[in-house]
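In: Just to be clear, the model below is a prediction. Sequence and coordinates:
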Amino acid sequence: MTLQELQALYKSTVHDLSVYLVQHSAGSVTGSTDEPLKKIHAAMTEHLKMIAQLCTARSELVTALQLSNSDTGEQVAEPDTQRIGWVVERLKLSPHQQHSIARGMGVFKRLLSPVLEELRQLQQQDYFLRTWFGTYLYGQLSWVQLARMHVLMVPFYPVPFVFFSEVAAQVAANLAKRQEQVDEDTQDDDSPGSTST
């Protein structure tokens with residue numbers, strides 16, 4: 001399989017997913033979402049199975065897919081984090097999902113990053129660990145969110161590590177904002193002239 005063939009296959013999968021997402025949204029109004037959800041599940045399962053197989057057989061092809069524009073074929077140096085942030089906002093992740101992903105990123109960075117550094121020369125094991133990690137994180141999303149992520153990222157492929165690093169960064173930023181607000185509220189309560197009941 002060539003990169004162009006993989007890109008064409010991915011574009012076809014994303015096209016199908018976009019149709020199923022529209023059907024799912026329409027079904028939300030009429031109360032019939034089962035069939036589109038089954039189609040989303042089947043399309044995503046087939047796609048992710050193929051990507052997992054390619055990670056072990058042709059990891060360089062997966063990397064090329066992740067770092068290319070599937071419309072133009074242009075290779076990029078790194079994933080578009082601005083677009084990834086835009087997509088993350090539109091997934092409407094629940095607080096539980098956000099925190100599960102952030103915890104997963106923390107575990108990955110603390111435990112697996114040193115191992116990955118040692119395994120840089122052993123590309124297959126590196127991709128095995130990244131695939132395992134991606135699988136855990138994808139498991140935090142619903143099938144609809146997973147499909148929406150792929151559709152909204154077009155013409156680029158979502159790189160799990162980069163994508164979920166953005167989620168973890170947003171969670172950290174939100175926690176920092178909340179802490180600042182708590183600190184400000186505490187200072188206001190402790191200031192002279194404040195009344196307490």
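Out: Arrived safely, thanks for sending. Numbers count the residues shown, from 1 in each chain.
In: center of this structure - which residue?
Out: Of all residues in the chain, the one closest to the mean position by C-alpha atoms, centre = their mean is residue 163, 4.3 Å from it.
In: Name the helix or strand for it, please.
Out: helix 160-190 (DSSP states H and E).
In: Kindly report the same for residue 56.
Out: For residue 56, the element it lies in under DSSP H and E is helix 34-57.
In: And whatever helix or strand comes next after that helix, what's buried?
Out: Beyond helix 34-57 on the C-terminal side, the first helix or strand identified by DSSP H and E is helix 59-66. Of the residues in helix 59-66, those with enough neighbours to count as buried (16 or more other C-beta atoms under 10 Å) are 59, 61-62, 64-66. Quick note: C-beta positions are derived from backbone N, CA and C, even for glycine.
In: now the angle between helix 160-190 and helix 59-66, please.
Out: Using axes from the mean of the first three to the mean of the last three C-alpha atoms, to 10 degrees, the inter-axis angle of helix 59-66 relative to helix 160-190 is 50 degrees.
In: quick one, the next helix-or-strand element following helix 59-66 and helix 160-190 angle?
Out: Using DSSP H and E, the helix or strand that directly follows helix 59-66 along the chain is helix 81-90. In this structure, helix 81-90 runs at an angle of 70 degrees to helix 160-190, with the same axes, to 10 degrees as the basis.
In: re earlier: tell me the helices and strands packed up against the helix holding residue 56.
Out: The elements that helix 34-57 packs onto, with contact taken as 3 or more C-beta pairs under 8 Å, 6 or more residues apart in numbering; DSSP states H and E, are helix 3-30, helix 59-66, helix 123-138, helix 143-153.
In: rewinding a little: could I get the average pLDDT for the helix holding residue 163?
Out: For helix 160-190, the mean per-residue pLDDT is 82.
In: So which elements touch that helix?
Out: So helix 160-190, by 3+ C-beta pairs under 8 Å, 6+ apart, packs with helix 81-90, helix 95-107, helix 123-138.
In: Can I get the ones you listed in a markdown table including mean neighbour count, mean pLDDT and distance to residue 24?
Out: Compiled in a markdown table, these are given as follows (neighbours: other C-beta atoms under 10 Å; pLDDT from 0 to 100; distance: least, C-beta to C-beta, whole Å):
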| stretch | mean neighbour count | mean pLDDT | distance to residue 24 |
| --- | --- | --- | --- |
| helix 81-90 | 15 | 90 | 15 |
| helix 95-107 | 16 | 86 | 18 |
| helix 123-138 | 17 | 68 | 18 |
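In: Can you check which of the ones you listed gets nearest to residue 3?
Out: Between residue 3 and those, the tightest spacing by C-beta to C-beta is seen for helix 123-138, at 16.6 Å.
In: Among the helices and strands packed on helix 160-190, which comes closest to residue 40?
Out: Ranking the helices and strands packed on helix 160-190 by proximity to residue 40 (C-beta to C-beta) places helix 123-138 first, at 13.2 Å.
In: related to what we said a few turns ago, please produce CSV containing the helices and strands packed on helix 160-190, extended by distance to residue 13.
Out: What follows is the helices and strands packed on helix 160-190, written out as CSV (distance: least, C-beta to C-beta, whole Å):
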stretch, distance to residue 13
helix 81-90, 17
helix 95-107, 23
helix 123-138, 15
